[in-house]
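Peer 1: any chance you could fold what I've pasted below:
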Amino acid sequence: MNVTTLPPCTPASQRTHGDIFVRRMIGIYIFLWFAEGSLRKWFLPEYNAPLLVIRDPFLLLAYIQAFSSGKFPVDRLTSSTALLGVVSLLASLVASETGSLLANASGFTSVAVVIFGLRANFLHLPLILLIPVYFDREDVVRMGRYFCYLAPAMAVLVYIQFHSSPDAWINAAAGGEGRQIETAHNKIRAAGVFSYTNGLVGYATLLVVFLTQRLLEPATLSRIVFLAAGASVAILVGLSGSRSAVGSAIGVWFALGYVCLRKPALAPRAILLFPLVILGIAAIAYNPATSEGLDVLEERFGGEDEVRTGFAYRFLGDFTSPLLILPDVPFFGYGLGMGTNAGAALVVGKRAFLLAEGDFARVLLESGPILGLAFMILRAAYVARLFQESRLALQQRVDALPMLLLGACWYLIFSGQFGQPTALGYAVIAGGLCLAACRVPVASASPEVGPTDPPVTTIESGIPARRGRSAYAERLHGGR
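Peer 2: Below you'll find the model as predicted:
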């Protein structure tokens, strides 16, 4: 099958100025994913609206440079993304003139809402495939180390937020007005530096990934950093007041279970995870300063509303309830962007879910049954690509890191709230890191591959697949 493959990952010694430029743009994108919430809540709340798209210029610059240097990944996924985006744009412009909700807004507002919706659904998705063109596994491990370095400071901030009044300035919502969502015991769902708690959940999930990987590959983190970051994760999850934080960590550990089933030699180290988790829970539960956080989580998991809003109901309901309304959805939908909070603010003057809170329902209502389902299939195709490459990395190099990252992001890529900038940023960053972790630096390629041997690539993406083992696998198997 003839497909366009991703360009090979350039060794550090051979990077051009263009390569360095794109790496910097992606680095700024990731940094702004962290910083965006702080700017919108505390430092520049008056610019809350434009800060929603603060990452977009750097993303576009990275795209332009990658295109000009011939390194943008033009394959079936990116081509389908572009084609579906154009068709959805045209359909939404038609919908805005044929009696949809957008028809109640001015022409300028209608176009602005559609453009924001186009940006949310389609602009950022290709970044998942661009990151591995310029970053490899060593970059991902290094980035994970930085995440762990920041963990203690984030834990201190979350601790202060949890024990502060819901009306305290440190618990301000984006825009500087209002406050974070309140939960049980007159406590808020702490957001850390992010605009909303989902950003904190994403950050904590990445920490869980890199700490779990450290159990399998001790050289990735020093012991003191591992212990400090591990204690910080316990505080972040314990005081977050978010069931999603617990669910996301469990998702990573399900991926670890799959890894151990496929590669039983990794199981002895993976088992160390269980006493560490139990120790972390006990440390929070028996510490008066943090035990209240577990009480909040316990009440959210075990309250009488759990039957209605529990994990099973929310997971299944997000996918089944939208199908029930399909007969009533206009063929072209109500227009891109109408289901986002930003779109609602443009149309009715305040942030709200005008169509639906779940992303599957939002997509169907915005784009209609045909284009909406096509977009969900496209998102599923991105997840399938990540699984394919992660499975090959596990099979050929005994490398668990890509699969752990997949466990951290697959659901957000498939059904996360792309209309919310922080959730969208996390999904594409984690997905891109998952693919980047599948690529090993050229300089560390296995000596088993001779200089005249053709590179081993996967059918779909062309990402080089090492025939040899990782350094950890060599130690694990004793060089056999």
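Peer 1: what's around residue 153, how many residues?
Peer 2: 12 (other C-beta atoms under 10 Å). C-beta coordinates here come from the backbone N, C-alpha and C atoms, glycine included.
Peer 1: for it, helix, strand, or coil?
Peer 2: Under DSSP: H, G, I helix; E, B strand; the rest coil, residue 153 falls in the helix class.
Peer 1: list the buried residues of the helix or strand encompassing residue 29.
Peer 2: For residue 29, the element it lies in under DSSP states H and E is helix 17-38. Residues 19, 21-23, 25-30, 32-37 are the ones in helix 17-38 that count as buried (16 or more other C-beta atoms under 10 Å).
Peer 1: residue contacts, residue 175?
Peer 2: Residue 175 is in contact with 40, 41, 45, 48, counting by C-beta atoms under 8 Å, 6 or more residues apart in numbering.
Peer 1: what's the lowest-pLDDT member of the residues you listed?
Peer 2: Ranked by pLDDT, these bottom out at residue 48 (89).
Peer 1: gap between residue 180 and residue 78?
Peer 2: To residue 78, residue 180 is 36 Å away according to C-beta to C-beta, to the nearest Å.
Peer 1: of those two, who's got more company?
Peer 2: residue 180 (23 against 18).
Peer 1: name the nearest residue to that one, sequence neighbours excluded.
Peer 2: For residue 180, ignoring the flanking residues on the chain, the nearest one in space by C-beta to C-beta, 6 or more residues apart in numbering is residue 188 at 4.2 Å.
Peer 1: what is the neighbour count of that neighbour?
Peer 2: 23.
Peer 1: begin at 269 from here
Peer 2: Renumbered: residue one is now 269, and that last one reads residue 456.
Peer 1: so which strand or helix has the residue positioned nearest the centre of the chain?
Peer 2: Residue closest to the mean C-alpha point of the chain, counted by C-alpha atoms, centre = their mean, is residue 695 at 2.3 Å. Element membership for residue 695, per DSSP H and E: helix 689-704.
Peer 1: next, the angle helix 285-306 makes with that helix.
Peer 2: Interaxial angle, helix 689-704 versus helix 285-306 (axes from the mean of the first three to the mean of the last three C-alpha atoms, to 10 degrees): 140 degrees.
Peer 1: and helix 689-704, average pLDDT?
Peer 2: Mean per-residue pLDDT for helix 689-704: 96.
Peer 1: work out the gap between that helix and the centre of the chain.
Peer 2: Chain-centre distance of helix 689-704: 4 Å, with C-alpha atoms, centre = their mean, to the nearest Å.
Peer 1: if I look at residue 341, how far off is residue 677?
Peer 2: For residue 341, the distance to residue 677 - C-beta to C-beta - is 18 Å.
Peer 1: these two: who's more crowded?
Peer 2: More crowded of residue 341 and residue 677, by other C-beta under 10 Å: residue 677, with 29 against 23.
Peer 1: host element of the more buried one?
Peer 2: Going by DSSP H and E, residue 677 is in helix 669-683.
Peer 1: one more: residue 607?
Peer 2: For residue 607, there is no host helix or strand (DSSP H and E).
Peer 1: residues contacting the residue lying closest to it once chain neighbours are set aside?
Peer 2: Distance criterion C-beta to C-beta, 6+ apart; nearest residue to residue 607, sequence neighbours excluded, is residue 630 at 3.4 Å. Neighbouring residues of residue 630 by C-beta under 8 Å, 6+ apart: 607, 608, 621, 623, 624, 685, 687.
Peer 1: as TSV, those residues with neighbour count would be great.
Peer 2: Below are these laid out as TSV (neighbours: other C-beta atoms under 10 Å):
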residue	neighbour count
607	30
608	28
621	15
623	23
624	18
685	21
687	27
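Peer 1: can I get these in CSV including secondary structure and distance to residue 402?
Peer 2: Shown next, in CSV, are those (DSSP: H, G, I helix; E, B strand; the rest coil; distance: C-beta to C-beta, whole Å):
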residue, secondary structure, distance to residue 402
607, coil, 33
608, coil, 29
621, coil, 36
623, coil, 36
624, coil, 36
685, coil, 27
687, coil, 27
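Peer 1: got the confidence number for residue 616?
Peer 2: 66.
Peer 1: no wait, residue 579
Peer 2: In this model, residue 579 is scored at 53, pLDDT.
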